[in-house]
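Q: Sequence below, structure please.
(chains A and B)
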Number of protein chains: 2
Amino acid sequence: MRLTEQQIDQYRGDGYLVVESLFSQSEVDDLVDALHRDAADPGPHRVLEDDGRLRAIYASHQRSAEFAGLVRSPRLLDPVRQLLTDDVYVYQFKINAKPAFGGGRWAWHQDYIAWKIADNLPHPALVNVGLFIDDVTEFNGPLIFVPGSHRYGQFREDRADQAASEQHLDPDDIALKPAQMTALVHEHGMVSPKAKAGSVVFFHPEIVHGSAPNMSPFPRRLLIATYNDVTNEPRPVGDPRPEYVVGRDTTPLRPLGPALEQVPA
Amino acid sequence: MRLTEQQIDQYRGDGYLVVESLFSQSEVDDLVDALHRDAADPGPHRVLEDDGRLRAIYASHQRSAEFAGLVRSPRLLDPVRQLLTDDVYVYQFKINAKPAFGGGRWAWHQDYIAWKIADNLPHPALVNVGLFIDDVTEFNGPLIFVPGSHRYGQFREDRADQAASEQHLDPDDIALKPAQMTALVHEHGMVSPKAKAGSVVFFHPEIVHGSAPNMSPFPRRLLIATYNDVTNEPRPVGDPRPEYVVGRDTTPLRPLGPALEQVPA
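A: Sure thing, here's the model as predicted:
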């Protein structure tokens, strides 16, 4: 799938772009089955809530054929290559489960600052792809964006002393200050895309975003594949994060051919 | 102001009723000024956040002419008398501040269970009136209702052993169980009224409701006046809650005459 010029302009201007129902419900069901299989194996790549439910899982694309195929799907990879560059690899892959009645709130933050601190990543030359595994509503803790906020660069650079070796960065540590956030929202407002399962949101690594807890009795599982320019590899750090958090394989991904790619229903 | 038959039916069926812009912005501005004056005096009727900001204030109608007038405004009192009975008094008056970036989440609960436990209140013969002091959006922690849930009676009665003497009941103590909530929402869904400052929501003391934290840089102040049937006075309890939490003056309120009542702009 190729984005139109208008969609590309929208991404550049707003820092995010929603494509509704890019995957069919039956494709999403297959991914959910694959997720359940992958999540059955314990390991540090699984992050659990206090009550034992899955909070997040990393790097399923390294273990599961379905997710390995997904990150090479032309429906994701073609747009990412349009937005970034031809040669990209998966820098990080995670599924945030945000279970029913849970999943905490995420403070307002920019992803790239975390990666710069933790991974010594030179540039924000990445694209996040968020695939909705569940219908996203106003009640289940949707992502909230400040449109256009990616155009300001980085709001916080004063926390480079900490967290460099932490595996799961706490967004509170890199959160925008209240005054910064107030000024930004006065200028740009907030949006939270709501859409059916199978919809996709492409978003910039410097867009300011957060999310409320999931108030609903339904999970809000969100798959996030972050693609990086292969020339933008992390530089050495004292204690690199494990490969399931930060992918080491920078071989450029190539889109699967049409024969391997299901067509949306 | 009198409610139409249709509005009354809506309240009876859904358990809540929104009347948009019942008060003008300039009337709301006057109430905000009165709130600031009232909140300047310290005392146990003020509840503060950890950072010192106002979280809630009780019984302003006992101290401030503006709020004493408000609870007697025909725009609030006439509908309440239609929904309840002619002779009502203010059982509880509070303003929840839910400040910017704060204000925590409220678990799914029914108000009446708290009042039954804490105050030995015989019947759910009350009406809540929520007056929006600020514009309510999807981002600043709006009330969320399960429409029609008031028609099931009480979902929790097994916690009567605790909290009876607590001044500020924690909704988590009386929260619906996840399975109850899941079944309810599957049947009835969720709604969260969004409206301008000055809008009013009438809601039933047994409607299941909750709210998410305020993710926005703007406060979400909500005034809640709870009216009770004068024949439904609390029965004696060992350690009654203070009068600023539970009003003792059961003299029936009479609507102010039109000369004392501003007309909405």
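
Q: which other helices and strands contact the longest helix anywhere in chain A?
A: In chain A, with assignment by DSSP state H, the single longest helix is helix A:25-39. When contacts are defined as 3 or more CB pairs under 8 Å, 6 or more residues apart in numbering or on different chains; DSSP states H and E, helix A:25-39 sits against strand A:54-58, helix A:65-70. (Glycine included, C-beta is placed from N, CA and C.)

Q: Give me whichever of the ones you listed is most buried.
A: The highest average neighbour count among those, using mean count of other CB atoms under 10 Å in any protein chain shown, belongs to strand A:54-58 at a mean of 21.

Q: who does that strand pair up with?
A: strand A:46-48 (antiparallel), strand A:88-96 (antiparallel) (DSSP bridges).

Q: Which of those sits closest to residue A:15?
A: Residue A:15 lies closest, by CB to CB, to one member of these: strand A:88-96, at 17.9 Å.

Q: Which helix or strand lies directly C-terminal to the closest one?
A: Next helix or strand after strand A:88-96 toward the C-terminus (DSSP states H and E): strand A:106-109.

Q: I would like the residues contacting that next one, please.
A: A:146, A:171-172, A:174-176, A:181, A:208-211, B:215 (CB atoms under 8 Å, 6 or more residues apart in numbering or on different chains).

Q: Nearest to residue A:111, out of the helices and strands packed on helix A:25-39?
A: Nearest of those (CB to CB): strand A:54-58, 14.4 Å.

Q: hmm, back to that, is it possible to get TSV of the strands paired with strand A:54-58 that adds mean neighbour count and mean pLDDT?
A: TSV is the format used below for the strands paired with strand A:54-58 (neighbours: other CB atoms under 10 Å in any protein chain shown; pLDDT from 0 to 100):
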stretch	mean neighbour count	mean pLDDT
strand A:46-48	15	92
strand A:88-96	23	97
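
Q: between the ones you listed, which gets nearest to residue B:15?
A: strand A:88-96 (33.2 Å).

Q: Centre of the chain to that closest one, how far?
A: Averaging C-alpha positions (CA atoms, centre = their mean, to the nearest Å) puts strand A:88-96 7 Å from its chain's average.

Q: Please export the C-alpha coordinates of it as CSV.
A: This file holds the C-alpha atoms of strand A:88-96, laid out as CSV (Å, rounded to 0.1, in the frame of the first residue of the first chain):
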residue,chain,number,x,y,z
VAL,A,88,14.7,0.2,7.4
TYR,A,89,14.7,-2.4,10.1
VAL,A,90,12.7,-3.0,13.3
TYR,A,91,14.3,-1.1,16.1
GLN,A,92,11.6,-2.2,18.7
PHE,A,93,8.5,-4.3,18.6
LYS,A,94,6.1,-4.5,21.5
ILE,A,95,2.5,-5.2,22.2
ASN,A,96,1.0,-3.2,25.1
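
Q: tell me the angle that strand makes with helix A:25-39.
A: Going by axes from the mean of the first three to the mean of the last three CA atoms, to 10 degrees, strand A:88-96 is angled at 80 degrees with respect to helix A:25-39.

Q: thinking again about what came up before, buried stuff in the longest helix of chain A?
A: Applying a neighbour-count criterion of 16 or more other CB atoms under 10 Å in any protein chain shown, one finds A:27-28, A:31, A:34-35, A:38-39 buried in helix A:25-39.

Q: Give me the pLDDT for residue A:1.
A: At residue A:1, the model reports a pLDDT of 84.

Q: I'd like the distance between it and chain B.
A: The spacing between residue A:1 and chain B, counted by CB to the nearest CB, to the nearest Å, is 30 Å.

Q: Give the rounded mean pLDDT of the helix or strand containing residue A:79.
A: In this assignment (DSSP H and E), residue A:79 forms part of helix A:74-83. On average, the pLDDT along helix A:74-83 is 97.

Q: Show me the contact partners of it.
A: A:1-3, A:7-8, A:11, A:19, A:22-23, A:70-71, A:88, A:127, A:129, A:131, A:200, A:202, A:225, A:227, A:253-256, A:258, A:261, A:264.
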